[in-house]
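Peer 1: Sequence and predicted structure are below.
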Amino acid sequence: MRRTAAFTALWKTLRGQRRPGGPGVGEQLSAAPRMVRATLSGRYTGLERSKLALMALAVLYIVSPVDLVPEAALLLVGLADDAMVLAWLSGALLSETQAFLDWERDAEPGRDRHGDNVVPGHVV
């Protein structure tokens, strides 16, 4: 089910159908290090450490020079497995950072999405 959500998030991002007023891809990517720190420190429980480990392994798999041999020998099959891992990683990262940004916004009600302090009040 979460795998489907990851691919759905990637598809929506690629088609430009993010929710109105939601964070952009750049903001989501810049939130990733904060999400990792908050997850590892235990402050953010929305992301399981096992999924975080899978995401790290996916990055290592994609950038690993050891994986270049199958691409050279099997061409399309070797590239297709990297593409699938990259698609899953992209979707998972966008999905998880969206949930993290929502949590971050709700956890600190006196702050907006950009981290600026907001003073509650009324305009007269």
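Peer 2: Thanks, I have it. Just so it is clear, the structure is predicted and the values come from calculations on it, not from any experiment.
Peer 1: So for stretch 40-48, what gets flagged as buried?
Peer 2: Of all the residues in stretch 40-48, those buried under the rule 16 or more other C-beta atoms under 10 Å are 44, 47. Backbone N, C-alpha and C define where each C-beta goes, glycine included.
Peer 1: Quote the end-to-end distance of it.
Peer 2: Distance between the boundary residues of stretch 40-48 (C-alpha to C-alpha, to the nearest Å) amounts to 9 Å.
Peer 1: What's the mean pLDDT across it?
Peer 2: Averaging pLDDT along stretch 40-48 yields 93.
Peer 1: One more: stretch 76-93?
Peer 2: 83.
Peer 1: And it, what's buried?
Peer 2: 78, 81-82, 85, 88-93.
Peer 1: Take these and keep only those in helices.
Peer 2: Judged by DSSP state H, the subset of these located in helices is 78, 81-82, 85, 88-93.
Peer 1: any idea which of these is the one closest to residue 40?
Peer 2: residue 93 (16.0 Å; C-beta to C-beta).
Peer 1: need the contact list for that closest one.
Peer 2: 28-29, 32, 55 (C-beta atoms under 8 Å, 6 or more residues apart in numbering).
Peer 1: Neighbour count and distance to residue 105 added to those, as CSV?
Peer 2: Output for the contacts of residue 93, formatted as CSV (neighbours: other C-beta atoms under 10 Å; distance: C-beta to C-beta, whole Å):
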residue, neighbour count, distance to residue 105
28, 22, 13
29, 13, 17
32, 15, 16
55, 19, 22
